[in-house]
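[1] pasting the structure only:
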Ligand SMILES: Nc1ncnc2c1ncn2[C@@H]1O[C@H](COP(=O)(O)OP(=O)(O)OP(=O)(O)O)[C@@H](O)[C@H]1O
Ligand SMILES: [Mg+2]
């Protein structure tokens, strides 16, 4: 259960007749454009390495031509790698025979594309059960399974309709049902929702998230839309010119974008609303004390700090002591409100603004994790919103 579902190691794909030359140039530090200009070889993917954990929705994001589709096709081996390897469920797929690979793609790795490619003359049910049909499942059984999946995506009442009688969003749900019906352990979705209008797209994201709650499939999801990636991604890998430039959780990427290319995806998106107190907090912004004797307090306040948080033996917040209270034998512990790790930026802003001190951030067990203060909040607000006000 703990071993990763997919392991990608040093994966490279060069399209052209002299990939070796291209790889040598890449190794020497050349970029995709330079390689193309000098050799005519097209770099699809260069040195991609990452793990996808069981049950994760792993989103590949990047501009057009950055290598997203090539990378997922390398994973299900519709494209042969120039170098590197792909291991799925512990098996190096380069070692899997062609015939076995076809079977694997039919049953264990389902693919959903942007164009749903439904068969117009077949009913919704028949379309949804097509993958099972190809896999050789009998009619009664496959229709039963397909109907169960249509139920999950809210299309059971339309089972006997033709695709043309459905809206685009519904057709895309049939495409999703077809992929789900074979019960794959790995779903590969290439811009699966990109053709939909924003509302339909959001609806499909919800369908997917809802399904994911019960089934915990491993999903590789390609998107060029940051908001989609943030909403559904457990982790996001950002690609540029065939390379992966950053991998992280949505929060990690928002709070710490690797470079300007990554930051450019934030344009027009209010990323601050995806941040929580846990993302904003500083771990050692405020000193802490456990014991209230004068020397402990003095020691923890020996810098420029005006106050320290007082913690109990379990690291729970008892309040704070100020520098002024230092001289007293029993310093006064003042009350302070805590903020939970998952509090949104909006919640943090209103609480921090109403407080004269930084606020402690606590986990579910009420243990102290760090602190948020006005300066920090202002910095995040200007950084995340400032570029496009
Ligand atoms: N079969 C092919 N033959 C030659 N070059 C290819 C082939 N497939 C992809 N490429 C090139 O590889 C690079 C990556 O393409 P890819 O389709 O993986 O990008 P992408 O990130 O999926 O883009 P998009 O967002 O437009 O779908 C591009 O420069 C593309 O021209
Ligand atoms: Mg693509």
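    Arrived safely, thanks for sending. This structure is a prediction, so every number in the text was calculated from the model and none was measured. Ligands and ions are numbered 1, 2, ... in the order given.
[2] ok, now which ones touch residue 67?
    Applying Cβ atoms under 8 Å, 6 or more residues apart in numbering to residue 67 gives the contacts 13, 43-46, 48, 239, 241-243. From N, CA and C alone the C-beta is placed, and that goes for glycine too.
[3] so can I have JSON lines of those residues showing distance to ligand 1, neighbour count and pLDDT?
    JSON lines is the format used below for the contacts of residue 67 (distance: Cβ to the nearest ligand atom, whole Å; neighbours: other Cβ atoms under 10 Å; pLDDT from 0 to 100):
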{"residue": "13", "distance to ligand 1": "8", "neighbour count": "23", "pLDDT": "96"}
{"residue": "43", "distance to ligand 1": "7", "neighbour count": "29", "pLDDT": "96"}
{"residue": "44", "distance to ligand 1": "4", "neighbour count": "26", "pLDDT": "97"}
{"residue": "45", "distance to ligand 1": "7", "neighbour count": "29", "pLDDT": "97"}
{"residue": "46", "distance to ligand 1": "10", "neighbour count": "27", "pLDDT": "95"}
{"residue": "48", "distance to ligand 1": "11", "neighbour count": "26", "pLDDT": "96"}
{"residue": "239", "distance to ligand 1": "7", "neighbour count": "24", "pLDDT": "97"}
{"residue": "241", "distance to ligand 1": "9", "neighbour count": "18", "pLDDT": "93"}
{"residue": "242", "distance to ligand 1": "7", "neighbour count": "25", "pLDDT": "95"}
{"residue": "243", "distance to ligand 1": "11", "neighbour count": "18", "pLDDT": "95"}
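[4] now these as a markdown table including secondary structure and distance to residue 288?
    Formatted as a markdown table, those follow (DSSP: H, G, I helix; E, B strand; the rest coil; distance: Cβ to Cβ, whole Å):
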| residue | secondary structure | distance to residue 288 |
| --- | --- | --- |
| 13 | strand | 51 |
| 43 | strand | 51 |
| 44 | strand | 51 |
| 45 | strand | 47 |
| 46 | strand | 46 |
| 48 | strand | 42 |
| 239 | strand | 42 |
| 241 | coil | 46 |
| 242 | coil | 47 |
| 243 | strand | 42 |
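[5] give me the number of residues near the residue in the stretch 151-300 of the chain that ligand 1 sits nearest to?
    Of all residues in the stretch 151-300 of the chain, the one sitting closest to ligand 1 is residue 224 (5.5 Å; Cβ to the nearest ligand atom). Counted with other Cβ atoms under 10 Å, residues neighbouring residue 224 total 16.
[6] how close does it sit to residue 96?
    Here the criterion is Cβ to Cβ, to the nearest Å. By it, residue 224 lies 30 Å from residue 96.
[7] Over to residue 296?
    Residue 296 sits 63 Å away from residue 96 when distances are taken as Cβ to Cβ.
[8] Over to residue 279?
    Applying Cβ to Cβ, the value for residue 279 to residue 96 is 41 Å.
[9] Between those two, which is the more surrounded one?
    Here residue 279 and residue 96 are set side by side on neighbour count (other Cβ under 10 Å), and the busier one is residue 279, at 20 against 16.
[10] Can I take it that that one is in a helix?
    Yes: the assignment for residue 279 (DSSP: H, G, I helix; E, B strand; the rest coil) places it in a helix.
[11] Quick check, it in contact with residue 250.
    No: with contacts counted by Cβ atoms under 8 Å, residue 279 stays clear of residue 250, the gap being 9.9 Å.
[12] List the single closest residue to the residue of the stretch 151-300 of the chain closest to ligand 1 in space, sequence neighbours excluded.
    residue 61 (6.4 Å; Cβ to Cβ, 6 or more residues apart in numbering).
[13] mind listing what the nearest residue to residue 92 once chain neighbours are set aside touches?
    Spatially, and ignoring its direct neighbours in sequence, residue 92 is nearest to residue 85 (5.7 Å; Cβ to Cβ, 6+ apart). Neighbouring residues of residue 85 by Cβ under 8 Å, 6+ apart: 8-11, 92-94.
[14] ditto for residue 200
    167-169, 172, 193.
[15] just residue 57 next, same as before
    208, 212, 219, 221, 232-234.
[16] Next one: it, what pLDDT does it get?
    Listed pLDDT for residue 57 reads 96.
[17] who's it bridged to?
    Beta-bridge partners recorded for residue 57 (DSSP bridges): residue 219.
[18] One more: the one 4 residues further on?
    Assessed by DSSP bridges, residue 61 has beta-bridge partners residue 223, residue 238.
[19] measure it to residue 211 for me?
    Distance, residue 61 to residue 211, using Cβ to Cβ: 21 Å.
[20] who has more neighbours, the two?
    Each of residue 61 and residue 211 has its neighbours counted (other Cβ under 10 Å); residue 61 has more, 25 against 18.
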